[in-house]
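[1] here is a sequence together with a model predicted from it:
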Amino acid sequence: MTTLAASGHVWQRNWLVYKRLWYRSLAFGFLQPVLFLTAMGIGIGALLSTDDLTAFGGVPYIDWLGPGLLSAMAMQTATFESTYPIMNKIMWGRNYEAMLSTPLGVRSIVIGELAWMAFRIGSLAAIFLMVLTAFGITRSPLAILAVPVAMLIGTSFAACLVAFTATQKNDVGFSAIFRFVVNPLFLFSGTFFPLTQLPDALQAIAWATPLFHGVQLVRGLVLSDLNLAAAPLHLAYLLVMLGVGVVLADRNLRRRMAG
């Protein structure tokens, strides 16, 4: 059995579990952007004067905010999917032990899990994009490309977090990930305000974070003002992150399951 075919079985296993609850996930995927855009985009946006909007490129705050939230959703979904569920399959449910007693290998499990997470993130990103369109935020048909970019953002995070999860003996480390990685990235990667509002030193740190590059790509596609000179750099950053994460996830999970 080839690695790709075996990975398909891992994806199928996750689909069989998910399809019993898919409507709940998609309903939440619709409700979350509606609430955020209403509360923060319309609510906070109404407090901004015309002069304030110059910091957002002259577009309404809700338009500027929406693509950032879409990018952050991809990161957050990847985080939830690649921490506790993966640990459960390693330790508590021992799903991976059962899988490895079949022709499946560790690499097939890693690729299958990441393919599943990409599907989950892609479906939620598509719903999010429909909400942005309903709010009148999308400016170009190219906005549809924000969906695969969101999948890349999420899968890049997921690969690195699967590698991290494979090294953990309990769930204590997840608290540190949520508090000191996910939350700061959510707040300081250009999701809610331009990085130009930060001191130069903090701008440099924020620029080096992965979510910033994802936000720049998604916002540029949705608002039809993508910086074509910087876009290849943003894309390369996420692709390198994904590649490194896959290699580490494969290595760490292989060591964990052999231990």
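    All right, it came through fine.
[2] which residues touch the nearest residue to residue 255 once chain neighbours are set aside?
    With C-beta to C-beta, 6 or more residues apart in numbering as the measure, residue 166 is the residue that lies nearest to residue 255, at 7.6 Å, once sequence neighbours are left out. All C-beta atoms are positioned from the backbone trio N, CA, C, and that covers glycine. Residues in contact with residue 166 (C-beta atoms under 8 Å, 6 or more residues apart in numbering) are 86, 90, 249, 252-253, 255-256.
[3] can you rerun that using 10 Å?
    Counting by C-beta atoms under 10 Å, 6 or more residues apart in numbering, residue 166 touches 86-87, 90, 96, 106, 110, 248-257.
[4] narrow the residues you listed to those in helices?
    Residues of those located in helices (DSSP state H): 86-87, 96, 106, 110, 248-257.
[5] just the buried members of these?
    Among these, the ones that count as buried by 16 or more other C-beta atoms under 10 Å are 86-87, 96, 106, 110, 248-250, 252-254, 256-257.
[6] adding pLDDT and distance to residue 152, write those out as JSON lines.
    Putting these into JSON lines (pLDDT from 0 to 100; distance: C-beta to C-beta, whole Å) gives the following:
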{"residue": "86", "pLDDT": "97", "distance to residue 152": "20"}
{"residue": "87", "pLDDT": "97", "distance to residue 152": "24"}
{"residue": "96", "pLDDT": "96", "distance to residue 152": "25"}
{"residue": "106", "pLDDT": "96", "distance to residue 152": "23"}
{"residue": "110", "pLDDT": "97", "distance to residue 152": "17"}
{"residue": "248", "pLDDT": "98", "distance to residue 152": "17"}
{"residue": "249", "pLDDT": "98", "distance to residue 152": "16"}
{"residue": "250", "pLDDT": "97", "distance to residue 152": "19"}
{"residue": "252", "pLDDT": "97", "distance to residue 152": "21"}
{"residue": "253", "pLDDT": "97", "distance to residue 152": "21"}
{"residue": "254", "pLDDT": "96", "distance to residue 152": "24"}
{"residue": "256", "pLDDT": "95", "distance to residue 152": "26"}
{"residue": "257", "pLDDT": "94", "distance to residue 152": "27"}
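[7] picking that back up, which among the contacts of residue 166 gets closest to residue 10?
    Residue 10 has its nearest neighbour among the contacts of residue 166 in residue 110, at 8.8 Å by C-beta to C-beta.
[8] quick check: the closest one touching residue 99?
    No. Taking contacts as C-beta atoms under 10 Å, residue 110 lies outside contact range of residue 99: 11.3 Å.
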